[in-house]
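Asks: Make a model of this:
(chains A and B)
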Amino acid sequence: GQQVQQSPASLVLQEGENAELQCNFSSTATQLQWFYQRPGGSLVSLLYNPSGTKHTGRLTSTTVTKERRSSLHISSSQITDSGTYFCAMEPDSGGSNYKLTFGKGTLLTVTP
Amino acid sequence: DAGVTQTPRHEVAEKGQTIILKCEPVSGHNDLFWYRQTKIQGLELLSYFRSKSLMEDGGAFKDRFKAEMLNSSFSTLKIQPTEPKDSAVYLCASRRTGGAREQYFGPGTRLTVL
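Replies: Purely as a prediction, here's the structure:
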């Protein structure tokens, strides 16, 4: 089946440092979305980026479709950025291209 | 516009009970998804509706899980009978059918089966 690999599994930063999260997937993606989840919270959509580079606030995502990878860059991290970041993709598989496959997430902890 | 809403937020059930979780998608969204999230398995797709038609019935979850979409703005997920291993967070999500198919998630229902 489709696989989504995220790295690192966990990351600890000091406030103000930048974070780089990686997502690799096993097939060409037609949809690529990054989500954030606070402990006990729901999934919040951060960026929808099936290809190219997208920015919102301190977040930048770059997806290289041919290389089957996407990254999420968080600049000047803040304590409130702590939580789990998920990458999810929808494969380019013809008629059944509706199912988002999620990675296991990157747990980010930002310390003072 | 209101986002995806889910009720209840928390549910505690005895083993063998029937529980019904509810979801209202974002207005105008024709695709609706039910997921289950656990620490071990992560996010698993339970069911998927497109314009109220069931497109994905959850495979391994077919046995005791039944999702229905009574109208375009309301869906239920019934678990019957519940088992302790069903304890998880159940998430509902919706999106537009065409164009940018970004999924939006509800707050989830945390189910505990004793």
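
Asks: show me what contacts B:A13?
Replies: Applying Cβ atoms under 8 Å, 6 or more residues apart in numbering or on different chains to B:A13 gives the contacts B:19, B:82, B:111-114. Using the backbone N, CA and C atoms, a C-beta is placed for each residue, glycine as well.

Asks: which among those end up buried?
Replies: Neighbour counting over the contacts of B:A13 (16 or more other Cβ atoms under 10 Å in any protein chain shown) leaves B:19, B:82, B:111, B:113 as the buried ones.

Asks: in the sheet, who's paired with the first one?
Replies: Put plainly, it is B:I19. Taking DSSP bridges, one obtains B:I79 as the residues bridged to B:I19.

Asks: residues in contact with it?
Replies: Counting by Cβ under 8 Å, 6+ apart, the residues that B:I19 touches are B:11, B:13, B:78-80, B:82, B:111.

Asks: for chain B, what are the nearby residues on chain A?
Replies: Applying Cβ under 8 Å from any Cβ of the partner chain, we find that chain A lies next to chain B at A:31, A:33, A:35, A:41-45, A:48, A:86, A:88, A:90, A:98-100, A:102, A:104-105.

Asks: Please identify which helix or strand holds the spatially most central residue of chain B.
Replies: Note on chain B: the residue nearest the mean C-alpha position is B:W34, at 3.0 Å, using Cα atoms, centre = their mean. Assessed by DSSP states H and E, B:W34 sits inside strand B:31-38.

Asks: list the helices and strands whichever helix or strand comes after that strand packs on?
Replies: Under the assignment DSSP H and E, the closest C-terminal helix or strand after strand B:31-38 is strand B:42-50. Counting contacts by 3 or more Cβ pairs under 8 Å, 6 or more residues apart in numbering or on different chains; DSSP states H and E, strand B:42-50 packs against strand B:31-38, strand B:53-56, strand B:65-71, strand B:74-79.
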